[in-house]
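In: Sequence first, then the predicted structure, then my questions.
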Amino acid sequence: MRRHHVPQLVGLWMTFALAPVLAPAGTAHAASPPLRVVASFSVLADMVREVGGSSVEVISLVGPNADAHVFSPTPADARRVARADLVVINGLHFEGWIDRLVRASGYAGPVVVASSGIVARQAGLALDAHAWQSLTHAKRYVENIRAAVVAAMPSHGPAIDARAADYLRRIVALEHDTIAAIGRLPAKRRRVITAHDAFGYFSAAYGIEFVSPRTWSGDSEPSAEAIARLIREARTQHAGALLLENIGDPRLIERMAREAGVGVGGALYSDALSPPGTVADTYLRMFAHNVRTIVEALSTVQLSAKEAR
Amino acid sequence: MTAYALLVQPFVEFGFMRRALVATLALGLSCGPMGTLLVLRRMSLAGDAIAHALLPGAALAFVAFGFSLWAMSLGGFFAAMLVAGLAGLVARLTPQREDASFAAFYLIALAAGVMIVSLRGSSVDLMHVLFGSILAVDDASLLLVAGIASVSLLVLAAIYRPLVVECFDPGFLRSVSRAGPWMHGLFLVLLVLNLVAGFQALGTLMAVGLLMLPAVAARFWASEVWSLAVVSSLFALLSGGCGLLLSYHANLPSGPAIVLWAGGIYATSLLFGRRDSVMARWLAHRWHRSV
């Protein structure tokens, strides 16, 4: 909450925050039945939670640490969608299964595409769907979500607008920190390797180069050639570090790191948040964690290179 | 491209290629005799059934202990032993044949495995585990695979005679000794161990390919048990090496590349093998006619 809105907002906010507590279960509470939102994956669910606060009740179809690329919906998911007041998806073909799920569930309400309005990057022949890996695009996500939630419950408009504005301010603050932290790294050292190419937007926005085997997405089995090329690239192009992701086979990355003679930095979170109470359980914490991991991995490499000399 | 760049350089330049090669060598050495004996005992499909039976054990261990080689191997081992034991028990206590009860139990195990996989919520990491990758073999997996191969070869050498006798004349073995059922049980334990090793290196499904295809192909070249085993081991080694090179040069996934090589060797043997192949039969037929 920001200072200049404080008096009326605190009042409003308290009403919403306490509403579920005060209202006995089952009673129709005309003022604020929470808006039931189904988000396709954990990052979107967190954004909706930030924007909607207690005015919304969010369910994520793909949970923490799970991969939305290969998710297969269950009947329970269809039921959740059918009961929803609002469905939020990423778009850019990230959730290939969502159209069928929405159709199968009989849901007739609005489907918000959080990435709409973003100029998508091309990744090979397809569009790169991982737009939330840029904080600039995240602002667009938040704006799309805000507009949809306000349209669904106009009476809560001012409170939601205020929460969204506050959230946007925190995103901007993190963006400044990110640019500053990466700016402190020497330009030659801004190169890391990951298993699956999910950081195109991050790379374009913040100038860290991500090398990953082009022919290999997380869901297919890698060829020896792809691994060999990556090791060679790591050896010759002086990549700073190899970073894990929270999804995928860790043995392979460790093997490659050892062979390429680069360090294994911590895990990056690309397509999913970590479970609640852990290091990357919200979108902002996930982003900050990724930045910290990359900066730390590249800084330690620099140290060891100096020692080698 | 020189022969050196084609055949040797990938293994010299990359440690992961060397590890993968050593893993397939170890697997091939023990898969040769194991596969041969499976074919002789008319248990060609039992390998497939038992490989599927590993799934719920490995999946449960993964859910409970995370990505732990030892937990998953042990879990897979016990699940497969349970299925093999139950199938054997049912075959002994009821008129139902062993292959029928194998089929029943492995289907149950497979369904349980898929259920556990989906309860976990995330399927992708588990799929990596179950379909493994020979390119990700680390020191611990390599030790496990090599250890299991050595133990299998030693135990097979020790029980070779009764095992072979039981294949051809179970009545004779029963009349001279009461070791028959024990031999069979020990053989099943070895089979499960080999599949656990293969599952670590290649993933459950591909492991069976390396076990059965070379053994079935060897039948078109050799006739004694020992020579069948030697030929099928050679075929397994050849498939492993060539499959890895194919995966390296043609940018193909390595597990299927290895098994498809084994499949190619089988098809070639079927057509042009020395004994009972299509060509051998055709030649024999023509020779008969001319006489």
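Out: Looks like it came in fine.
In: quick one: A:G265 is in a helix?
Out: No: per DSSP: H, G, I helix; E, B strand; the rest coil, A:G265 lies outside any helix segment and is strand.
In: pretty sure it contacts A:V291?
Out: No: using CB atoms under 8 Å, A:G265 makes no contact with A:V291, being 11.9 Å away. All C-beta spots, glycine's among them, are computed from the backbone N, C-alpha and C.
In: joint contacts of the two?
Out: With contacts defined as CB atoms under 8 Å, 6 or more residues apart in numbering or on different chains, no residue is shared by A:G265 and A:V291.
In: what's the neighbour count on residue 253?
Out: This is for chain A. Neighbour count for A:I253, taken as other CB atoms under 10 Å in any protein chain shown: 21.
In: Sorry, I should have been clearer: chain B.
Out: The tally of other residues near B:P253 (other CB under 10 Å) stands at 21.
In: My read is that B:A197 contacts B:I148, right?
Out: Yes: under the criterion of CB under 8 Å, B:A197 makes contact with B:I148 at 4.1 Å.
In: joint contacts of those two?
Out: B:26, B:30.
In: With neighbour numbers in mind, choose between those two.
Out: Between B:A197 and B:I148, counted using other CB under 10 Å, B:A197 has the larger neighbour count: 26 against 23.
In: The more buried one belongs to a helix, doesn't it?
Out: Yes: under three-state DSSP, B:A197 falls within a helix.
In: Distance check, it against B:A207.
Out: Noted for B:A197: a distance of 8 Å to B:A207, by CB to CB, to the nearest Å.
In: now A:A241
Out: Remark: distance between A:A241 and B:A207 (CB to CB) = 34 Å.
In: Check B:L110 too.
Out: Counting by CB to CB, the gap from B:L110 to B:A207 is 15 Å.
In: Of those two, give the one with the bigger neighbour count.
Out: The neighbour comparison of B:L110 against B:A207 (other CB under 10 Å) goes to B:A207, with 27 against 18.
In: give me every residue that touches the closest residue to that one other than its chain neighbours.
Out: Leaving aside its chain neighbours, B:A207 sits nearest to B:G198 (2.6 Å; criterion: CB to CB, 6 or more residues apart in numbering or on different chains). Residues in contact with B:G198 (CB under 8 Å, 6+ apart) are B:27, B:31, B:51, B:145, B:204, B:206-208, B:210-211.
In: wait, which of these is closest to chain A?
Out: Lowest distance from chain A to those (CB to the nearest CB) belongs to B:M206, with 9.7 Å.
In: isn't there a helix covering A:M256?
Out: Yes: counting by three-state DSSP, A:M256 is located in a helix.
In: Please name the residues that touch it.
Out: So A:M256 contacts A:193, A:227, A:230-231, A:234, A:242, B:16 (CB under 8 Å, 6+ apart).
In: same check, this time on A:A234
Out: Going by CB under 8 Å, 6+ apart, A:A234 touches A:193, A:211, A:242, A:256, A:260-262.
In: now with 6 Å?
Out: A:A234 is in contact with A:193, A:260, A:262, counting by CB atoms under 6 Å, 6 or more residues apart in numbering or on different chains.
In: Of those residues, which is the most crowded?
Out: Neighbour counts for the contacts of A:A234 peak at A:I193, which has 26 neighbours (criterion: other CB under 10 Å).
In: what's the helix or strand for that residue?
Out: strand A:191-194 (DSSP states H and E).
In: Can you list the strands that that strand pairs with?
Out: strand A:209-211 (parallel), strand A:241-245 (parallel) (DSSP bridges).
In: contacts for the helix or strand following it?
Out: Moving toward the C-terminus from strand A:191-194, the next helix or strand (DSSP H and E) is helix A:200-206. Around helix A:200-206, the neighbours that count as contacts under CB under 6 Å, 6+ apart are A:121, A:123, A:128, A:131, A:133-134, A:178, A:182, A:210.
In: same question for helix A:200-206, mean pLDDT?
Out: Mean pLDDT, computed over helix A:200-206, is 91.
In: How many residues are close by the nearest residue to B:F172 once chain neighbours are set aside?
Out: Among residues not flanking B:F172 along the chain, B:V165 sits closest, at 6.3 Å (CB to CB, 6+ apart). Close neighbours of B:V165, defined as other CB under 10 Å, add up to 17.
In: repeat for B:L173
Out: 20.
In: Okay, buried residues for whichever strand or helix holds it please.
Out: Assessed by DSSP H and E, B:L173 sits inside helix B:170-176. Of all the residues in helix B:170-176, those buried under the rule 16 or more other CB atoms under 10 Å in any protein chain shown are B:L173.
In: Same question for stretch A:268-275.
Out: For stretch A:268-275, by 16+ other CB under 10 Å, it's A:268-274.
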